[in-house]
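K.L.:
What would the 3D arrangement of this be:
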Amino acid sequence: MPVEFLSDEQAAGFGRFKGELSQADLERFFHLDDADRDLITVRRSDHNRLGFAVQLGTVRFLGAFLADSLDVPWGVVDYLAAQLGITDPSVVKNYPRRAPTVHGHAREIRAAYGYRDLAGELTEELTLFVYSRAWTYGEGLSVLFDHATAWLHRERVLLPGVSVLARLVAAARGQAIARLHDVVATAAVAEDPGLPAVLRGLLTIDQGERASRLEALRAGPTRVSGPELDKALQRVAAVRRLGTGAVDLSGLPAARVRMLARYGIGAKAQTLRRLAEPRRTATLVATVAALEADAVDDALDLFDLLMSTKVLRPSQRAAASVRLMKMPELEKASRVLARVGARLLRVLGESNEQIDVAAAWAELEQVAARDRIAEAVAKVDELVPDESGADGAMREQMARRFRTVAPFLRMLSTTIPWGATAAGKPVLDALASVDRLRGRRKVRREEIDETLVPTSWRAAVLGRGDGVEVDRDAWVVCVLELLRSSLRRRDVFATTSKRWADPRAHLLAGPAWDAARELTLRSLSLDGPVSEHLAGKVEVLDAAWRGLADAITDAGPDASVRLTETEDGKAKLTVARLDALDVPESLTALRTQVAGILPQVDLPEILLEVHSWTGFLHAYTHVSGAGSRMTDLPVSVAAVLIAEACNVGLTPVVAEGHAALTRDRLGHVQANYVRAETHAAANAALIEAQAGVPIAGRWGGGLLASVDGLRFVVPVRTVNAAPNPKYFGHGRGLTWFNAVNDQVAGIGAVVVPGTVRDSLYVLDTMLNLDGGPKPEMIASDTASYSDMVFGIFTLLGYRFSPRIADLADQRLWRATSPGQAPGDYGTLNDVARHKINLQKITTHWEDMTRVAASLVTGTVRAYDVLRMLTRDNGAPNPFGAAITEYGRIAKTLHLLALVDPLDETYRRAINTQLTVQESRHRLARAIFHGRRGQIYQRYREGQEDQLGALGLVLNAAVLWNTRYIDAAVTALRDAGQEIPETDIARLSPLGDAHINMLGRYAFTAPTPNTLRPLREGATHPVED
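P.N.:
Numbering: from 1, shown residues only. Below you'll find the model as predicted:
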């Protein structure tokens, strides 16, 4: 019987086996212990003993007795027969012939193992469980159905009918949703009785307008200009005036409020108008509250980008241009002064203690006339910058861009809900005062805070003299630059924000820290005393130094690593480049052979075939959490994924004669089903399936991962892109920063504007993985490297392993525990001359562990923490310096392992993994072929959704290739071909010559439980 929110396939498979079981499942559910055998051995015949065992394992695995007790995979029967010593498992076919025996055995199993029917108090308990999860997490009906099934298994309650359980889940979730709507709406009325009416007004379309007021508030900025920032700030003010920020939602689960907001932000105004009360009010309250944070983030993103692209960079170019224009005059005056200076030195050298001024002038006038010398001095004084140098010249150019920032000054200081630390408070005070200076040309020095003026700004703001006035334009732009720097450090922050909030407020503290400390620190192995922890680290580092010294000695003079001397007499390690691995003829032949027999396939067929193996398309649920009543929903989702991943839009995938592929339906699915969280859930299924393919286990165990960025040009106007001529030419772009493990599965990704320093996003990528085991080792390119990142990775239990290009120029560090003698590393003592300050680590250890716990529990973003720990010039603050010292231990261990002349395994593993990532990026480019591979989404959410679709389709293609490569290798071996394991380990699932990605796309359902025939010599489908 089909159930409303379950597909026919899911409903039909409820309480039934779905193919052969894995060895792990057989061992977990069908292993017979002594108590099981005591019950089984009293049966008089083999078929009854085996049938009893089958029923026992079935109820453990499924949570139900089957109407046909032998409707089980034959592998189960073989596994049980082997344990019971029954040589002919087929005797079990005699078991169902006597129904009373089968039913009697079921009753006996129920009594012996405590299985119960769902009734009475058990129904109430299950309802409360489902209600609690729905209230707390806001999970969809399908997910709740799975949780309910798992609860029944844990409590040894026999599965009811699928429709009975589905109705219970739907009813419990409905109660949780109704309560949520009621609580939010009641809180809104309690704060302001007129608020619901105000919010309903957002759904109306004013005369002369084409969209509702809500739609206008949802539209973020796209241009980078002062007037556009003023509009963005007006949007912030408009949202804040609605008053939803004052509604107390603190007692509600954050996930539930986010779900309401997500639905409200994505739904059309007419859809929201049709909602019944109190759902409509609750949805609008959550939506507007989320819009406030989005509007603030958009405005501050735009402010940061505008200061960078419209003020800082143009000023740098202008200052450089002015300097070039002045060079001829400066050179001419400098030549005069150089000759005068040389003559003056000669005069001073020839004279005694008494100097005849007239004679000296006579000598100098032989070089140039006195007035010409004075002109040269004046010209040099005019053209040469003061002590601020080039920075001061750039700030003078920045001061001339007052008109760029003038449009938004008033709104900036009054609209954003600002907050600040003690260090940022003076900047906010200065910002509050700049609007009063509008319309004034003269500003007195006592009207500004001179202590805020950096050296580079003093000439532009205060002038070179001791005047009583300051340059208003320079002071205003100076304050804005200080604001931008303070925002980036989070000394100034927005209290209502996601991306610009105060990370300190999100660190675990007080009771939350006390509750999480023990378990979290134990999981990170940071629960012991800091002295013991550091002593262990120092011991490992000391052993690594001694090991390298011995390895260099053993390797001899022709080793890949040797000691050399720099020009200043200091010792350093010279490291030879790593030679490329040889490619044996057998591997080349195997690669060609496998590529030649893989079936040719269209990209849409890959998605549907992989879905038939994994069911990953069922992870795409409606944004409201309600179940879908559409048939063939996976086909529609696959079409939308192809449209976004291939960057071709919906037109090539539309088929008006196919109900699942009409434009209206695809548009509905794109708007309501395909989003970041459903991408993540679907990707988790693909990652798990990839790990289950035997050949993937030969490539790796999933514990090594790499992180790197793939750049995309964004030719449309957007604030979520930034310039970088190296990657984006004259335009702007963004970076898809993604992680891939050594089983070639993409395990997580983030989207960042432009090409901001990669190390700021490595941690966030690894802390927000979609699935798979937690990697132990993280490889990256040099751009992701910093000592501080090493420190935080180590605190979180990762081994950070960047590929460092300039190994010979890296500083290497030693550490000595208090009271211990420094280690003696022989010839390496001069190389190990830099000492780690363990006292800094000890001083800040409590805060370091608190940051680690906050990061691993997800209360704060790693990007924000790294910003908080860094000063404007990139140097760490005192707390950041402690983490940097800690990171130098791990960095030195990493470098010593890289340069080991006797063992290249570590270095090659890093290079191999980064090569895998580069190949995966090549395949991603091939898939994302439409519109010249450029992204045309204007807003951050659209960019994230589209690149999420690309990552998902990429993983599906990799999984498809992996399974067919595994089948191809198996077929070749079955045909008698000897294939070395070393060659199999170097095969790659990243080829695409056999995949068609072009043209109009067809979506054909695959044959269940089979793989396609291989080309050349495979005449039958390979059984799944």
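
K.L.:
measure the residue nearest to the spatial centre of the chain to residue 299 for me?
P.N.:
The centre of the chain sits closest to residue 765, judged by C-alpha atoms, centre = their mean, with a distance of 2.9 Å. Per C-beta to C-beta, to the nearest Å, residue 765 is found 26 Å from residue 299. Bear in mind the C-beta positions are built from the backbone N, C-alpha and C, glycine included.

K.L.:
before we move on, what about residue 764?
P.N.:
For residue 764, the distance to residue 299 - C-beta to C-beta - is 22 Å.

K.L.:
Looking at the two, which is more packed in?
P.N.:
residue 299 (31 against 19; other C-beta atoms under 10 Å).

K.L.:
And that one, its phi and psi?
P.N.:
Phi and psi for residue 299, reported as degrees, to the nearest 10, are phi -60, psi -40.

K.L.:
if I look at it, how far off is residue 293?
P.N.:
11 Å.

K.L.:
what does residue 48 give?
P.N.:
Taken as C-beta to C-beta, the span from residue 48 to residue 293 is 66 Å.

K.L.:
returning to that earlier point: are we agreed that the residue nearest to the centre of the chain is in a helix?
P.N.:
Yes - Residue 765 forms part of a helix when assessed by DSSP: H, G, I helix; E, B strand; the rest coil.

K.L.:
Can you check the pLDDT for it?
P.N.:
Turning to residue 765, the model gives it a pLDDT of 88.

K.L.:
mind listing what it touches?
P.N.:
707, 737, 738, 739, 748, 749, 750 (C-beta atoms under 8 Å, 6 or more residues apart in numbering).

K.L.:
The nearest residue to residue 249 once chain neighbours are set aside: which element?
P.N.:
In space, and not counting its chain neighbours, residue 249 is closest to residue 257: 5.7 Å by C-beta to C-beta, 6 or more residues apart in numbering. Per DSSP states H and E, residue 257 falls inside helix 254-266.

K.L.:
Who are the packing partners of that helix?
P.N.:
When contacts are defined as 3 or more C-beta pairs under 8 Å, 6 or more residues apart in numbering; DSSP states H and E, helix 254-266 sits against helix 121-137, helix 162-191, helix 279-306.

K.L.:
Pick the most deeply packed of those helices.
P.N.:
Of all the helices and strands packed on helix 254-266, helix 279-306 has the most neighbours on average by mean count of other C-beta atoms under 10 Å, namely a mean of 24.

K.L.:
related to what we said a few turns ago, out of the contacts of residue 765, who's nearest residue 837?
P.N.:
residue 707 (29.1 Å; C-beta to C-beta).

K.L.:
The helix or strand hosting the closest one pairs with which strands, and in what direction?
P.N.:
Element membership for residue 707 (DSSP H and E) is strand 704-714. Strand 704-714 has the following sheet partners, assigned by DSSP bridges: strand 732-741 (antiparallel), strand 777-780 (parallel).

K.L.:
so what does the following helix or strand past that strand touch, helix or strand wise?
P.N.:
Following strand 704-714 in sequence order, the next helix or strand is strand 722-723 (DSSP H and E). When contacts are defined as 3+ C-beta pairs under 8 Å, 6+ apart, strand 722-723 sits against strand 732-741.

K.L.:
okay if I get the strands paired with strand 704-714 as CSV plus distance to residue 611 and mean pLDDT?
P.N.:
Shown next, in CSV, are those (distance: least, C-beta to C-beta, whole Å; pLDDT from 0 to 100):
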stretch, distance to residue 611, mean pLDDT
strand 732-741, 22, 92
strand 777-780, 31, 94
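
K.L.:
Sketch out the low-pLDDT regions of the stretch 801-950 of the chain for me.
P.N.:
872-874 (pLDDT under 70).

K.L.:
So which bits of stretch 617-635 are buried?
P.N.:
617-628, 630, 632-635 (16 or more other C-beta atoms under 10 Å).

K.L.:
show me what contacts residue 221?
P.N.:
Residues near residue 221 by C-beta under 8 Å, 6+ apart: 228, 229, 231, 232, 235, 298, 299, 302, 719.

K.L.:
now, which of these sits nearest residue 970?
P.N.:
Using C-beta to C-beta, residue 719 comes nearest to residue 970 of these, at 51.7 Å.

K.L.:
How about that closest one, nearest residue that isn't a chain neighbour?
P.N.:
Leaving aside its sequence neighbours, residue 719 sits nearest to residue 302 (C-beta to C-beta, 6+ apart; 4.8 Å).

K.L.:
Walking through the stretch 251-400 of the chain, point out its helices one by one.
P.N.:
Along the stretch 251-400 of the chain, counting by DSSP state H, counting those that start in this stretch, helices occupy 254-266, 269-273, 279-306, 313-350, 357-365, 370-383, 389-399.
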